[in-house]
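In: fold the stuff below for me.
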Amino acid sequence: MVAAMRILLIEDDAEASAYMAKGLKEAGHTVDHAANGTDGLFLATSERYDVMIVDRMLPGVDGLTIIQTLRGSGNATPVLILSALGKVDDRVRGLKAGGDDYLVKPYAFAELMARIEALIRSGAAATASETRLKVEDLEMDLLARSVSRAGKPIDLQPREFRLLEYLMRHAGQVVTRTMLLENVWEYHFDPQTNLIDVHISRLRQKIDKDFDQALIQTVRGAGYTIRAAR
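Out: So this is what the prediction gives:
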């Protein structure tokens with residue numbers, strides 16, 4: 001059994017989504033639901049989730065386009081594709097688009113839960129063993145403790161390195177001040193200082209100052225993210 005997760009469900013079938021959301025919540029998980037691809041893509045790129053369940057055929061933006069957009073921005077959140085299209089070619093297209101698993105409708109809810117839990121376990125293992133992180137032309141080597149952008153070495157202080165690592169591990173996702181305080185500084189309270197702002201400013205001076213494209217973005221009222229500016 002995995003710990004409680006925050007799940008994004010992008011499904012336009014009202015009855016199916018209500019059934020899934022009810023079951024997932026009963027299992028202890030938090031569920032955000034989008035009934036079309038446009039809203040789903042917005043949530044996927046502006047919030048942080050442990051796993052996403054994406055229907056392939058959606059109004060607005062189709063499921064494969066959502067996944068391709070996420071992967072293109074560096075977002076590696078595990079994605080389970082749901083689809084009535086079950087031929088081998090259909091499944092292959094879904095996986096090549098960046099999906100991590102593909103479940104054909106109709107399905108048993110028990111299988112859906114088992115697939116989600118398997119994705120979380122494999123994702124955690126991959127994160128633990130990852131030694132290199134990359135966002136656009138910014139690269140971090142966790143073993144050598146080195147950072148470079150477009151091949152140019154960047155010297156970071158230990159806390160700056162840890163902050164950048166956290167942002168890069170959540171590339172394309174919004175990380176809140178609370179998340180940074182807990183995971184970078186190990187504070188479980190708000191010190192009511194501009195600690196984060198100062199470190200973000202220093203990091204920007206080193207990461208973005210000499211480059212045309214800024215990667216560290218402020219999401220007003222929410223937090224920060226690292227991705228190419230749109």
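
In: what are the pairing partners of the host helix or strand of residue 102, and which direction each?
Out: Using DSSP states H and E, residue 102 sits in strand 101-104. With DSSP bridges as the test, strand 101-104 is paired with strand 79-83 (parallel).

In: if we look at the partner strand, which residues are touching it?
Out: With contacts defined as Cβ atoms under 8 Å, 6 or more residues apart in numbering, strand 79-83 is touched by 11, 51-57, 63, 67, 70, 90, 94, 98-105, 107, 112, 115-116, 119. Using the backbone N, CA and C atoms, a C-beta is placed for each residue, glycine as well.

In: packing partners of whichever strand or helix holds residue 31?
Out: Using DSSP H and E, residue 31 maps to strand 30-34. Judged by 3 or more Cβ pairs under 8 Å, 6 or more residues apart in numbering; DSSP states H and E, strand 30-34 is in contact with strand 6-10, helix 14-26, helix 37-46.

In: now tell me what touches it from outside.
Out: 4-11, 17, 20-21, 24-25, 40, 42-43, 47, 49.

In: and the next helix or strand past the lowest-mean-pLDDT helix or strand in the chain?
Out: None of the helices or strands of the chain scores lower by mean pLDDT, DSSP states H and E than helix 109-129, at a mean of 75. Where DSSP H and E defines the elements, the next helix or strand beyond helix 109-129 is strand 132-135.

In: mind listing the strands that next one pairs with, and their directions?
Out: Strand pairing (DSSP bridges) places strand 132-135 next to strand 138-141 (antiparallel).

In: check contacts around residue 186.
Out: Per Cβ under 8 Å, 6+ apart, neighbours of residue 186: none.

In: quick one on the thing from earlier: out of the contacts of strand 30-34, which are buried?
Out: 5, 7-11, 17, 20-21, 24, 40, 43, 49 (16 or more other Cβ atoms under 10 Å).

In: what's near enough to touch the residue lying closest to residue 215 once chain neighbours are set aside?
Out: The shortest distance from residue 215 to any non-neighbouring residue, by Cβ to Cβ, 6 or more residues apart in numbering, is to residue 226 (5.3 Å). Residue 226 sits next to 74, 135, 138, 164, 167-168, 170-172, 215-217 when contact means Cβ under 8 Å, 6+ apart.

In: 6 Å instead, please
Out: 135, 167, 171, 215-216 (Cβ atoms under 6 Å, 6 or more residues apart in numbering).

In: and if you look at residue 136?
Out: residue 228.

In: now it: phi and psi?
Out: phi 60, psi -120 (degrees, to the nearest 10).

In: any idea of the pLDDT on it?
Out: The pLDDT attached to residue 136 in the predicted structure is 90.

In: cool, residue 140 as well?
Out: 92.

In: indicate which one of the helices and strands packed on strand 30-34 is closest to residue 176.
Out: Evaluated over those, closeness to residue 176 peaks at helix 37-46, with 11.6 Å, by Cβ to Cβ.

In: got a list of contacts for the closest one?
Out: So helix 37-46 is contacted by 8, 10, 32, 34, 58, 60-62, 66, 70, 174 (Cβ under 6 Å, 6+ apart).

In: pipe those into a markdown table and attach distance to residue 79 per row.
Out: Shown next, in a markdown table, are these (distance: Cβ to Cβ, whole Å):
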| residue | distance to residue 79 |
| --- | --- |
| 8 | 9 |
| 10 | 10 |
| 32 | 14 |
| 34 | 14 |
| 58 | 13 |
| 60 | 17 |
| 61 | 14 |
| 62 | 13 |
| 66 | 8 |
| 70 | 7 |
| 174 | 18 |
